[in-house]
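Engineer: Test case, fold it:
(one chain, ligands or ions: 1)
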Amino acid sequence: MKDFMTPFYLHYYNSNVWSNTYWLGQRVLKCPLDMILYQEILYKLKPDVIIECGTNEGGSTLFLASICDLLNHGRIISLDIMEKERPQHERITYMLGNSVSESVFNKVKQMIAPEDTVLVILDSDHSQKHVYQEMKLYHSLVTVGSYLIVEDTIIGHPVVPQLLPGPMEAVFQFLNENDDFQIDETKHKFHLTFNPNGYLLRVKK
Ligand SMILES: C[S@@+](CC[C@H](N)C(=O)[O-])C[C@H]1O[C@@H](n2cnc3c(N)ncnc32)[C@H](O)[C@@H]1O
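Structural biologist: Reported below is the predicted structural model:
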């Protein structure tokens, strides 16, 4: 990250505007520039299945479904440990459970066909331990040319350092052991992202 971004990051994050951002009236805990990156990825990749760990109020899920509607392609499986009222949409399947439970993972796996192009987004518990566990489980579902997106790697880099170690630490732990994925540096183009080093492109099987 460029040094000149640190004060802006802190200002943006500490303003709490990220929790006051909406897609079609649903709260979405994302930086709008990341939503444009998602749109670009979805347009190019046209994934058959998007797996989202961490639904919250479903704003990000509805956003993904809206882009899939525009592309006339794709469905979303979104899981969360908490039950909430969420937007209903024919492309969305919500699942209740702990993302790192083997049985939840196996249920998700059963909902994917072998020929499906799969994109995975990790946006649940942001501790290093949990994100690393998710990466170990879900990376196998990501197809070559698609992404494993690790959200909120800005934790500790530079915002809320008290939450370290977080997603960024999990990314490097995982990449040290796995050369099937590479950080896609082109996803830093807007400078402001909540997911620096978090867009991991699958380069081989
Ligand atoms: C950052 S929010 C998700 C934000 C949402 N994707 C968005 O962009 O609007 C994190 C969510 O992860 C859920 N969560 C926390 N621990 C989890 C776990 N072990 N398994 C599944 N979901 C979990 C929380 O209940 C919370 O709703």
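Engineer: what are the bridge partners for the most centrally placed residue in the chain, then?
Structural biologist: The centre of the chain sits closest to I121, judged by CA atoms, centre = their mean, with a distance of 2.8 Å. In this entry, I121 is beta-bridged to E52, I149, by DSSP bridges.
Engineer: quick one: H11 is in a helix?
Structural biologist: Yes - membership of H11 in a helix is supported by DSSP: H, G, I helix; E, B strand; the rest coil.
Engineer: count of neighbours near it?
Structural biologist: 10 (other CB atoms under 10 Å). For glycine as for every other residue, the C-beta is placed from the backbone atoms N, C-alpha and C.
Engineer: Which pLDDT value goes with it?
Structural biologist: pLDDT for H11: 93.
Engineer: And it, how far from the ligand?
Structural biologist: Distance, H11 to the ligand, using CB to the nearest ligand atom, to the nearest Å: 20 Å.
Engineer: May I have the phi/psi pair for the nearest residue to M168 once chain neighbours are set aside?
Structural biologist: Nearest residue to M168, sequence neighbours excluded (CB to CB, 6 or more residues apart in numbering): T153, at 4.1 Å. Main-chain dihedrals, T153, degrees, to the nearest 10: phi -70, psi 0.
Engineer: Can you give me the distance of T153 to the ligand?
Structural biologist: In terms of CB to the nearest ligand atom, T153 sits 13 Å off from the ligand.
Engineer: next one: N195
Structural biologist: For N195, the distance to the ligand - CB to the nearest ligand atom - is 11 Å.
Engineer: again, but for L175
Structural biologist: Taken as CB to the nearest ligand atom, the span from L175 to the ligand is 22 Å.
Engineer: Quick check: closest non-adjacent residue to that residue.
Structural biologist: Closest to L175 by CB to CB, 6+ apart is F181, at 6.6 Å.
Engineer: isn't there a strand covering E169?
Structural biologist: No - with three-state DSSP as the criterion, E169 is helix rather than part of a strand.
Engineer: The nearest residue to it once chain neighbours are set aside: neighbour count?
Structural biologist: In space, and not counting its chain neighbours, E169 is closest to Q128: 4.3 Å by CB to CB, 6+ apart. Q128: 20 surrounding residues under other CB under 10 Å.
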